[in-house]
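Next come a sequence and a model predicted from it.
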Number of protein chains: 2
Amino acid sequence: MSIINNKNSLEKSILYVILIARKIKGGNMGIEINSRLSSNIKNMKRSVIRELLKLTSKPEIISFAGGLPAPDTFPIDEIADIAKEVVLNHGKTALQYGSTEGFIPLKEELIKFLKTDGISVSEKQIIITSASQQGLDIVGKIFIDPGDTVIVESPTYVGAISAFNSYKAKMVGIEMDDDGMRMDLLEEKLKELDKKGTHPKFIYVIPDFQNPGGVTLSLERRNKLLSIASEFDLIIIEDSPYRAIRYRGETIPSLQSMDNEGRVVSLYTFSKILFPGMRLGWAAGPEEIIDKFVVAKQAMDLCTPPFNQAIVTEYLKRDKLQSNIESTIEEYRQKNQLMLEKLDEYMPDGKGLKWTKPDGGLFLWLTCPDYVNTEEMFYDAIKENVAYVVGSAFYGENPKYNSLRLNFSYPTLEEIDEGVKRLAKVISSKLK
Amino acid sequence: MSIINNKNSLEKSILYVILIARKIKGGNMGIEINSRLSSNIKNMKRSVIRELLKLTSKPEIISFAGGLPAPDTFPIDEIADIAKEVVLNHGKTALQYGSTEGFIPLKEELIKFLKTDGISVSEKQIIITSASQQGLDIVGKIFIDPGDTVIVESPTYVGAISAFNSYKAKMVGIEMDDDGMRMDLLEEKLKELDKKGTHPKFIYVIPDFQNPGGVTLSLERRNKLLSIASEFDLIIIEDSPYRAIRYRGETIPSLQSMDNEGRVVSLYTFSKILFPGMRLGWAAGPEEIIDKFVVAKQAMDLCTPPFNQAIVTEYLKRDKLQSNIESTIEEYRQKNQLMLEKLDEYMPDGKGLKWTKPDGGLFLWLTCPDYVNTEEMFYDAIKENVAYVVGSAFYGENPKYNSLRLNFSYPTLEEIDEGVKRLAKVISSKLK
């Protein structure tokens, strides 16, 4: 097969991925399926990111596309020993069904962990979830009726968009700047909705090192957000996957710790501070809402694997998490710094390019001039063996097409250098 | 505290459990919650069984209430070794994110496993799920719009009721006899619905050793069910958690293996053939439907834990499952037989009591005369230190109150003997 053919078939693949990401495929089997589907599933599409990831798995491609943690941060030896011990010593309970609420010793460890972050919750204010994506699914389940309005950042996490879409929410996006969601725009929008008689079900925010924006909500805005939520009587969903991964600057109090009114529900995950492969997370908030989480989760999967909960409990009891977080921070700090340096070095000046400078987390957000379409540019990037996620994937409404998300946690330092160089070449060719 | 007080507080606890099982609790915190909830969650209630299980965990109570497999069937030593090896040898992938579809080597093993049961499916016709409760949740997600009709057995699995309820299905129950769902009643009901212009979204059945009925759908009825499904153009959801656990008689072909039209989706789980604590199952069916499962699951939890999938894959590769199933069957056969013997021995004759004689699975179903209310009798049973699940929990519509479900997989042989004796005493006191 010639290179030309390969390129053609690659373009077809990309096109195919974009098409299936936009629209559920038609049928090709015995019985007709589409007419039987729920309107929920008709409203859903495959995650653009996860489909693109499949494309970018070719070894010659340097991928800034995924959201994967670096596997060398996983404490392999420790977990191997603990896994064996847990099965040998507690197999009869760890391999049995567990409670929907979660393993109590794990909750006790999490209460201690949250206390170090200024958060004081009781055991009944925590539920163990199958990572925070399930937390988002449960939020959708318990709050969203079809057509309900929810407020999100613009852009926001693509997995939240999928989850809320699957309950047919109407997402209203509020723009961000370097200090996170703009409170002036939020207030304006809420007043506008209020005039129409629309009461949003909640405000969904990722305050720390936002995905995909990389920005952090300032303390002043956190105060303002809580007072706006109080004024309009709204629930806040605080998604905190990256909060512990800060490279620079002072930690800003979490919304959960600042909440005096019982209106903040926070979602947490071990995916970025330990590893994602056990699918473990938790939610914390007012007892009455967590109780609804339990009811919803029971019908979803009965319980999160007790086996996995027991292993991570033992890891936490050995007091290893903090040092693992610290070494993860150290590694990502270097990668983040190198990516910022290389963007400065390779990207053309004075052409209207800009990118965020995150103080933590896994991502930064690069914005091109309005006339650049990063979906179209994706073909060229793949030809140059570099990948990103198209910015348009991250909008709950009114997508913009001139941005892209770059991940720096997964690629090596060498790949970051070479990848940014390749990307700069691709972007430069598009700039006027 | 006196015994009297203890009894009073026990009765209060039972009452409380029954109340919260029936109705979601009211609020007691800062902000008002109920008005913000989705109609989905308002439609849901805590599982009666799981709430009752909490009550029956006192050591003096012999519980026939749960659906727990016997922990001595778990292959502890083997899994301990495999868990350690998987982390050491494959930790960087097993602890990383995985694909929503599932770990391909696990799918390959499952294709072989299904082949031994006469089922031939391709890799794209299988998705790994977080056990079969998630399979049920996905079925609800992709097929049910609020008010849609679905056909279920009457009685049926309480977890299916929860899942379908959470999408606001209207469940229509079809009565069973010793050969499973009655096809004459099914046909009649479908014609009646058809006249009203109602097209059910699917027929949900547990053909082998039904939960809670303990009965098995005969071959003749399986043929009839497929022809009815074809005539009325319906999808069949075949739930197969217990199929491999047969003590007596010949295996009857599964609906999946008999389906020539691509209308059967089958749900499987490792919970009863290996252990439930890793929350692993799978669904198999037409590629186009499995593709929708993938889209739905992506928004629910991204993927089932790759760690758990890798461990069970290795266990399957070592060809250990079959012998584990055989020893499980041997243990449950004895327990089943003893429970049947003791029911014959202790239960009063000629008073209108009857119970099913399952050829496999974990449960049997005991029916009292119409005038006995097993919900009210539950108080007396707990006082006699024996527990069951009230039959009324298992109805998608029109609950009946004179039956109860008994589990024989979890209690020991001694407990079965003593527990049936206690239960016979309780039931006898209610009979005229």
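Perfect, I can see it now. Residues are numbered from 1 along each chain as shown, chains lettered A, B, ... in the order given.

Can you list the buried residues in stretch A:227-247?
A:228-229, A:232, A:234-247 (16 or more other Cβ atoms under 10 Å in any protein chain shown). In short, each C-beta sits where N, CA and C put it, glycine included.

For that stretch, list the C-alpha coordinates in PDB.
What follows is stretch A:227-247, C-alpha atoms only, in PDB (Å, rounded to 0.1, in the frame of the first residue of the first chain):
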ATOM      1  CA  SER A 227     -23.200  34.700  47.200                       C
ATOM      2  CA  ILE A 228     -24.800  34.500  43.800                       C
ATOM      3  CA  ALA A 229     -25.800  30.800  44.400                       C
ATOM      4  CA  SER A 230     -27.300  32.000  47.700                       C
ATOM      5  CA  GLU A 231     -29.100  34.900  46.100                       C
ATOM      6  CA  PHE A 232     -30.600  32.700  43.300                       C
ATOM      7  CA  ASP A 233     -30.900  29.700  45.600                       C
ATOM      8  CA  LEU A 234     -28.800  27.400  43.400                       C
ATOM      9  CA  ILE A 235     -26.900  24.200  44.100                       C
ATOM     10  CA  ILE A 236     -23.200  24.200  43.100                       C
ATOM     11  CA  ILE A 237     -21.500  21.100  41.700                       C
ATOM     12  CA  GLU A 238     -17.800  21.500  42.400                       C
ATOM     13  CA  ASP A 239     -15.700  19.000  40.300                       C
ATOM     14  CA  SER A 240     -12.300  18.600  41.900                       C
ATOM     15  CA  PRO A 241     -10.200  16.100  40.000                       C
ATOM     16  CA  TYR A 242      -7.000  18.100  39.800                       C
ATOM     17  CA  ARG A 243      -7.200  20.200  43.000                       C
ATOM     18  CA  ALA A 244      -4.300  18.400  44.800                       C
ATOM     19  CA  ILE A 245      -2.000  18.700  41.700                       C
ATOM     20  CA  ARG A 246      -0.800  22.300  42.200                       C
ATOM     21  CA  TYR A 247       2.700  23.300  41.000                       C
END
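
from the chain's centre, how far out does that stretch sit?
14 Å (Cα atoms, centre = their mean, to the nearest Å).

and the closest residue to residue A:134 other than its chain neighbours, what is it in contact with?
Residue nearest to residue A:134 in three dimensions, not counting chain neighbours: residue B:301, with 4.8 Å by Cβ to Cβ, 6 or more residues apart in numbering or on different chains. For residue B:301, the contacting residues are A:130, A:131, A:133, A:134, A:137, A:279, A:301, B:130, B:134, by Cβ atoms under 8 Å, 6 or more residues apart in numbering or on different chains.

which one of the residues you listed sits closest to residue A:35?
Of all the contacts of residue B:301, residue B:134 has the smallest distance to residue A:35: 24.9 Å, by Cβ to Cβ.

how far does the helix or strand containing that closest one sit from the chain's center?
For residue B:134, the enclosing helix or strand under DSSP states H and E is helix B:131-143. Helix B:131-143 sits 13 Å away from the centroid of its parent chain (Cα atoms, centre = their mean).

between that helix and helix A:131-143, how many degrees?
50 degrees (axes from the mean of the first three to the mean of the last three Cα atoms, to 10 degrees).

give me the beta-bridge partners of residue A:202?
Beta-bridge partners for residue A:202, by DSSP bridges, are residue A:235.

what about it, neighbour count?
Summarising burial for residue A:202: neighbours were counted as other Cβ atoms under 10 Å in any protein chain shown, giving 24.

and the gap between it and residue A:239?
11 Å (Cβ to Cβ, to the nearest Å).

same deal with residue A:281?
10 Å.

Name the residues contacting each of the two.
A:132, A:135, A:267.

do the strand ranked longest in chain A and chain B meet at all?
Ordering each strand of chain A by length in residues (DSSP state E) puts strand A:170-177 first. No. Interface with chain B: strand A:170-177 contributes nothing (Cβ under 8 Å from any Cβ of the partner chain), its closest point being 13.7 Å away.

what packs against the helix or strand just after that strand?
Using DSSP H and E, the helix or strand that follows strand A:170-177 in sequence is strand A:180-181. Here strand A:180-181 touches helix A:219-231, going by 3 or more Cβ pairs under 8 Å, 6 or more residues apart in numbering or on different chains; DSSP states H and E.

Centre of the chain to the helix it packs on, how far?
For helix A:219-231 - counting by Cα atoms, centre = their mean - the centre lies 23 Å from the chain centre.

For it, name the packing helices and strands.
strand A:180-181, helix A:183-195, strand A:202-205, strand A:235-239, helix A:255-258.

at 7 Å what do you get?
Packing partners of helix A:219-231 (3 or more Cβ pairs under 7 Å, 6 or more residues apart in numbering or on different chains; DSSP states H and E): helix A:183-195, helix A:255-258.

Specify the angle between that helix and strand A:235-239 in degrees.
Using the same axes, to 10 degrees: helix A:219-231 against strand A:235-239 is 140 degrees.

so helix A:219-231 versus helix A:183-195, what angle?
10 degrees.

contact partners of helix A:219-231?
For helix A:219-231, contacts defined as Cβ atoms under 7 Å, 6 or more residues apart in numbering or on different chains pick out A:179-181, A:183, A:186-187, A:190, A:203, A:207, A:236, A:252-253, A:255, A:258-259, A:261, A:263.

Ok, stretch A:350-359 next?
A:178, A:209, A:213-216, A:246-249, A:336, A:340, A:343, A:347, A:364-369, A:427, A:431.

try it again with 8 Å
So stretch A:350-359 is contacted by A:178, A:209, A:213-216, A:246-249, A:336, A:340, A:343, A:347, A:364-369, A:406, A:427-428, A:431-432 (Cβ under 8 Å, 6+ apart).
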